[in-house]
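S.K.: Below is the sequence, then the predicted model.
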Amino acid sequence: MSVAQIANGTVPAAARRVARRDPTFLVAVIAFGVISVVALAGPWLAPYDPNELYVGPLNGAPSLEHPFGTDDLGRDILSRVLVGAAASVFAPAVVVVLSTILGVGLALAAAWFGGWVSGGIARLVDVIFAIPGLVIAVLAVTIFGKGLAAPVIALAIAYIPIIARLTRTAAARELAKPYIAALRVQGVSSPAICFRHLVPAMIPIVAAQMAVGFGYAMLDLAAISFLGLGQQPPSPDWGSMIAAGQAGILAGAPEQSVFPAILVVITVLAVGIIGARVTDWAEEKER
């Protein structure tokens with residue numbers, strides 16, 4: 001959902017009502033929209049090469065020339081924040097998309113076939129759920145090497161149980177409704193029932209969980225980069241910048257850590273608020 005949709009009235013009536021009576025939601029949408037645009041256009045918006053050394057003083061304070069200051073190598077922090085936004089925002093998005101596709105697929109199979117298929121999928125989901133996502137990600141980095149690819153795939157697998165359990169319940173509830181039985185009696189094929197009726201009915205619930213999952217994925221990937229296992233130098237991302245700025249905090253120059261940390265917090269809060277409102281709309285629809 002975009003700010004333009006809210007402005008021109010093309011969002012659902014429930015969404016417009018929430019936006020009117022809850023400005024926090026509107027601020028969250030705008031904030032996330034701006035951050036997404038920055039993530040897309042960061043390399044073109046950056047005033048300096050993010051990896052160029054000594055463009056300013058070491059650990060320089062914010063100024064007109066360097067609004068976010070410079071880091072311990074004299075690199076422009078604003079440029080690094082802008083360029084690092086892509087990895088910090090799009091990597092969690094990939095995690096959420098992959099986990100949603102796999103989780104919804106497993107949930108639909110479990111709800112549709114039932115029996116031993118449902119039982120087998122439930123056991124598989126329980127096994128994955130028993131292992132913390134960060135542990136899976138760290139193991140993946142240990143096996144496949146540092147970088148974003150291994151943690152992204154590992155976290156996508158780790159998040160499957162969350163979306164699968166939620167959508168399994170929603171799918172089972174939807175399959176129990178009379179219109180599904182009517183479609184079966186009419187001879188409508190199983191794929192048609194799933195993709196034309198069942199999946200669209202679950203979109204609000206899945207969208208809400210995707211928004212919540214995005215926040216968790218961003219925090220997990222930031223933690224992995226903070227540990228030095230994610231995005232590798234000199235390529236910037238917000239988690240690695242927070243880690244690299246620890247020495248600056250002790251030296252009285254916290255800008256390298258503070259600005260990326262603020263953006264992580266703002267992004268997670270914005271997505272969390274959007275997810276909560278989408279959940280409200282889904283519950284309202286159910287009623």
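M.R.: On my side now, so go ahead.
S.K.: Pick out the residue nearest the middle of the chain.
M.R.: The residue lying closest to the centre of the chain (Cα atoms, centre = their mean) is Phe214, at 2.1 Å.
S.K.: isn't that residue right next to Val94, touching?
M.R.: No: contact criterion Cβ atoms under 8 Å: Phe214 and Val94 do not qualify, at 10.4 Å. For the C-beta atoms, the positions are set from N, CA and C on the backbone; glycine is no exception.
S.K.: And Leu108, how far from Gly114?
M.R.: As for Leu108, its distance to Gly114 is 12 Å (criterion: Cβ to Cβ, to the nearest Å).
S.K.: Mind checking which of the two has more residues around it?
M.R.: Leu108 (20 against 12; other Cβ atoms under 10 Å).
S.K.: contacting residues around that one?
M.R.: Thr167, Ala171, Cys194, Leu198, Val199 (Cβ atoms under 8 Å, 6 or more residues apart in numbering).
S.K.: Kindly reformat those residues as TSV containing neighbour count, distance to Ile143 and secondary structure.
M.R.: As requested, the contacts of Leu108 are arranged in TSV below (neighbours: other Cβ atoms under 10 Å; distance: Cβ to Cβ, whole Å; DSSP: H, G, I helix; E, B strand; the rest coil):
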residue	neighbour count	distance to Ile143	secondary structure
Thr167	26	29	helix
Ala171	23	34	helix
Cys194	16	35	helix
Leu198	22	37	helix
Val199	16	34	helix
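S.K.: and the two most separated of those?
M.R.: For the contacts of Leu108, the farthest-apart pair by Cβ to Cβ is Thr167 and Cys194; their separation is 12.0 Å.
S.K.: how close does Gln232 get to Gly187?
M.R.: Gln232 is 56 Å from Gly187, by Cβ to Cβ.
S.K.: which of these two has more neighbours?
M.R.: Neighbours per residue (other Cβ under 10 Å) separate Gln232 from Gly187, with Gln232 holding more: 14 against 7.
S.K.: does that one count as helix, strand or coil?
M.R.: Here Gln232 is recorded as coil under DSSP: H, G, I helix; E, B strand; the rest coil.
S.K.: Could you tell me the per-residue confidence at the closest residue to it other than its chain neighbours?
M.R.: In this structure, Gln232 finds its nearest non-sequential neighbour in Lys146, 5.6 Å apart by Cβ to Cβ, 6 or more residues apart in numbering. Lys146 is assigned 86 on the pLDDT scale.
S.K.: okay, now Lys146: neighbour count?
M.R.: With other Cβ under 10 Å as criterion, Lys146 counts 17.
S.K.: do Ile128 as well
M.R.: 16.
S.K.: how about the CA coordinates for the helix or strand it falls within, as CSV?
M.R.: Here Ile128, judged by DSSP states H and E, is contained in helix 115-129. The C-alpha atoms that make up helix 115-129 are tabulated as CSV, following Å, rounded to 0.1, in the frame of the first residue of the first chain:
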residue,chain,number,x,y,z
GLY,A,115,-3.9,-36.9,7.2
TRP,A,116,-0.3,-38.0,7.0
VAL,A,117,0.6,-35.1,4.8
SER,A,118,-0.5,-32.6,7.4
GLY,A,119,1.2,-34.7,10.1
GLY,A,120,4.5,-34.8,8.3
ILE,A,121,4.5,-31.1,7.5
ALA,A,122,3.6,-30.4,11.2
ARG,A,123,6.6,-32.4,12.4
LEU,A,124,8.9,-30.7,9.9
VAL,A,125,7.7,-27.3,11.0
ASP,A,126,8.2,-28.2,14.7
VAL,A,127,11.8,-29.3,14.0
ILE,A,128,12.6,-26.0,12.2
PHE,A,129,10.8,-24.0,14.9
